[in-house]
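could you work out the structure for the sequence below:
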Amino acid sequence: MRELFNLLGSNYAYRRRAYYRVKDLESTVKKLLLICLVVSIGWLACPVAAWAHHGYAAYDETVILSLKGTVTDYELANPHSTMSFDVKNERGKVENWVAEAGHIRLMQDEGWTRTTLKPGDTVTFFFHPAKNGSHAVDLVKVVLSDGRSLWAHSSHDQIPSDKEK
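Numbers count the residues shown, from 1 in each chain. So this is what the prediction gives:
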């Protein structure tokens, strides 16, 4: 009888250890699922603007063109400052162009203010043209009517050295 009790007792101890191993495994899986849930919620809570940012693949970064035009609109803003300007083409027809520039802090570091450009100002724009030929451009710099140059920093590779400024 004692042998039977010892046999059942050891079997009971084995089953008890197995039960706790399964419980430990369940607890570990629950912790991992909770961590995954928290991380997923964190990713979903990220600002949408961070996911929407784009590159400069639409522009031909190997070419810099210039046009002299009349400012029609200017906004120093995040994530990109923008300005619109009118240019007369070879036939004398007015074409509207839109230039995208850097964000506020970079523009202000280069001397831009909210009143740098006003509608009616005549300015020379230096830019990377759109690959598709549209009138949307990546601004490199402008030369104001008083001769001052202001860099736009919208292009990652267009940070001027002190000699170029």
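
which element is encountered next along the chain beyond the worst-scoring helix or strand of the chain on mean pLDDT?
Ranked by mean pLDDT, DSSP states H and E, the weakest helix or strand in the chain is helix 48-52, scoring a mean of 52. Next in sequence after helix 48-52, counting helices and strands by DSSP states H and E, comes strand 65-75.

quick check: next helix or strand after that next one?
Past strand 65-75, the next helix or strand by DSSP H and E is strand 82-88.

now stretch 93-112: buried residues?
Trp97, Val98, Ala99, Glu100, Ala101, Gly102, Ile104, Leu106, Met107, Glu110, Trp112 (16 or more other C-beta atoms under 10 Å). No exception for glycine: its C-beta is placed from N, CA and C like everyone else's.

repeat that for stretch 119-127.
Residues of stretch 119-127 classed as buried by neighbour count (16+ other C-beta under 10 Å): Asp121, Val123, Phe125, Phe126, Phe127.

pairing partners for the host helix or strand of the fourth one, with directions?
So that's Phe126. Taking DSSP H and E as the definition, one finds Phe126 inside strand 122-128. The pairing partners recorded for strand 122-128 under DSSP bridges are strand 65-75 (antiparallel), strand 136-143 (antiparallel).

now it against strand 82-88, angle please.
Between the axis of strand 122-128 and that of strand 82-88 there is an angle of 110 degrees, by axes from the mean of the first three to the mean of the last three C-alpha atoms, to 10 degrees.

wait, a helix at Asp146?
No: Asp146 is assigned coil when assessed by DSSP: H, G, I helix; E, B strand; the rest coil, not a helix.

how close does it get to Thr116?
Separation of Asp146 from Thr116 (C-beta to C-beta, to the nearest Å): 11 Å.

how about residues contacting the strand holding Phe126?
56, 59-61, 63-71, 85, 97, 99, 117, 137-145, 155 (C-beta atoms under 8 Å, 6 or more residues apart in numbering).

so His80 is in contact with Ala99, correct?
No: with contacts counted by C-beta atoms under 8 Å, His80 stays clear of Ala99, the gap being 9.7 Å.

domain map for this protein?
2-46, 65-151 (automatic domain parsing).

what sits against Val142?
So Val142 contacts Leu117, Val123, Thr124, Phe125, Phe126, Ser149, Leu150, Ala152 (C-beta under 8 Å, 6+ apart).

ok, those residues vs Ser27, which is closest?
Set against Ser27, the nearest of the contacts of Val142 by C-beta to C-beta is Ala152 (56.5 Å).

from Leu37, how far off is the closest one?
Counting by C-beta to C-beta - Ala152 and Leu37 are separated by 43 Å.

done for today, thanks.
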